[in-house]
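Q: Sharing a model that was predicted from the sequence below.
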Amino acid sequence: MTTQTPTNQPNRITAAEIRQHFEELYKEMETIKTMIETMRGGLQTAATPPAIGTFGEMIIDSIVVGVDDKGKKTYKAKGAPYQKHGVRIWDEIMPKLGIDPETLQFGPNEITPAIRARVQMNPPTEEGKTAQPGKVTGKL
């Protein structure tokens, strides 16, 4: 009597492989959760403009490294609600945010996970305008 092995039997995996797949899935879910919380915080920040002479907040998701007229490196933090123009960030503030400015390349640098930061607001230059972001001053 000969026994035949069914050809449509699914591949079997071990319990260790199943645990590995669940760990990877859990990490991906945590990343998605962080991204959703970051977006939610950015939407709340964008919906409430800060008062003049106070501090606002932003969600930093990238830092753009450039050079000024004197050849010194400059840094601009971008993220909600200042995604278009960004906010100036000085190199001495970045360690407070957990960022080493020496590791950043010229041009845009993605920051993962995003950082919730405090922004000093400058008064408006024209009557009827809202306060404008001046510089990033620390982490919230």
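A: All right, it came through fine. Numbers count the residues shown, from 1 in each chain.
Q: Pull up the gap between residue 25 and residue 124, please.
A: 48 Å (CB to CB, to the nearest Å). Using the backbone N, CA and C atoms, a C-beta is placed for each residue, glycine as well.
Q: With residue 95 instead?
A: As judged by CB to CB, residue 95 and residue 124 stand 31 Å apart.
Q: biggest strand in this structure by residues?
A: strand 107-122 (DSSP state E).
Q: need the next SSE after that one, C-terminal direction.
A: Beyond strand 107-122 on the C-terminal side, the first helix or strand identified by DSSP states H and E is strand 132-139.
Q: quick one: contacts of that next one?
A: 55-56, 58, 60, 77, 82, 87-90, 93, 96-98, 115-122, 124-125 (CB atoms under 8 Å, 6 or more residues apart in numbering).
Q: Only the buried residues of that strand, if you could.
A: By 16 or more other CB atoms under 10 Å, the buried positions in strand 132-139 come out as 132-133, 136.
Q: CSV for the residues you listed, including pLDDT and distance to residue 68?
A: CSV is the format used below for the buried residues of strand 132-139 (pLDDT from 0 to 100; distance: CB to CB, whole Å):
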residue, pLDDT, distance to residue 68
132, 79, 20
133, 82, 18
136, 88, 17
